[in-house]
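J.: Got a predicted structure plus its sequence, pasted below:
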Amino acid sequence: MKVIKTIFNDVFVIKSERHNDERGFFSESFVSKNFIELVKKNIVFCQDNFSYSKKNVIRGLHYQLPPYSQSKLVSVLKGKVLDVVVDIRKGSPTFGHHFSFELSSENLIQLFIPKGFAHGYITLSESSIFHYKVDQYYYPKNEISINPSDPDLHIDWKIPKGEWILSKKDKQNSLFSEAKVFNYKEDLYG
């Protein structure tokens, strides 16, 4: 596995080694001891999720507040998405900044998103199957969402807003300036 640093110290792009032959390919997508060594955190994932999305579907920007906040390891099993991460750690030097990266079934790249970041993606291909591992169970009462079209975030989703497909819930997401966020020191480092 190879780690590529991002603009955020704790968010990592992870490239798995791919072994090709006449049958196809083989790749190890997750090895716990290697992962812990790479991210320098003892993350224990408790749940795996899949989502299927049609082209132009945006899911996000989602996160859970403490004490049920989640770290995620995300990848694409089919298709291509633009994955977006927003720093929601008030007091962080990169608070309100975002990072985006294309994940696809072709590039086999994974993205590690620790607690303290909002996450979302848009499907760029005809459809996508998205996979994510999380280290905390889903708690609907602690879930927060930020509007993906918030003008203060300046996110280029690569597809015009008029073509987006959002859930009813995501259409009602609050703006970043109105959302509950993490306190950089207290919520994450106790």
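T.: Sure, I can see it. Residues are numbered from 1 along each chain as shown.
J.: How far does stretch 62-74 sit from its chain's centre?
T.: Centroid separation for stretch 62-74 versus its chain: 10 Å, with Cα atoms, centre = their mean, to the nearest Å.
J.: Please list all residues in contact with Lys161.
T.: Ser149 (Cβ atoms under 8 Å, 6 or more residues apart in numbering). To be clear about C-beta, it is placed using only N, CA and C from the backbone, and glycine gets the same treatment.
J.: what's next to the longest helix seen in the chain, contact-wise?
T.: Longest helix in the chain, counting residues (DSSP state H): helix 32-39. Helix 32-39 has contacts (Cβ under 8 Å, 6+ apart) with Met1, Val3, Asp10, Phe12, Ile14, Asn42, Ile43, Leu73, Phe112, Pro114.
J.: May I ask which helix or strand encompasses the residue nearest the centre of the chain?
T.: Using Cα atoms, centre = their mean, the residue of the chain that lies closest to the mean C-alpha position is His119, 4.2 Å off. Using DSSP states H and E, His119 sits in strand 117-123.
J.: hmm, back to that, for the residue nearest to the centre of the chain, which residues make a bridge with it?
T.: Following DSSP bridges, His119 is listed with bridge partners His62, Val85.
J.: pretty sure it contacts Val74?
T.: Yes - using Cβ atoms under 8 Å, His119 is in contact with Val74, at 7.4 Å.
J.: Overlap in contacts, those two.
T.: With Cβ under 8 Å, 6+ apart as the test, His119 and Val74 both reach Asp83, Ile113.
J.: now the helices for this protein?
T.: With helices called from DSSP H, the chain shows them at 32-39, 168-171, 186-189.
J.: Can you point out the buried residues in the first one?
T.: Going back to what we said before, that points to helix 32-39. Within helix 32-39, the residues scored as buried using 16 or more other Cβ atoms under 10 Å are Phe35, Val39.
J.: Distance from the chain centre to that helix, please.
T.: Distance of helix 32-39 from the chain centroid (Cα atoms, centre = their mean) equals 18 Å.
J.: avg pLDDT for that helix?
T.: Helix 32-39 shows a mean pLDDT of 83.
J.: what does stretch 153-168 give?
T.: Here the average pLDDT along stretch 153-168 is 96.
J.: Show the pLDDT at Ser145.
T.: Value for Ser145, per-residue pLDDT: 95.
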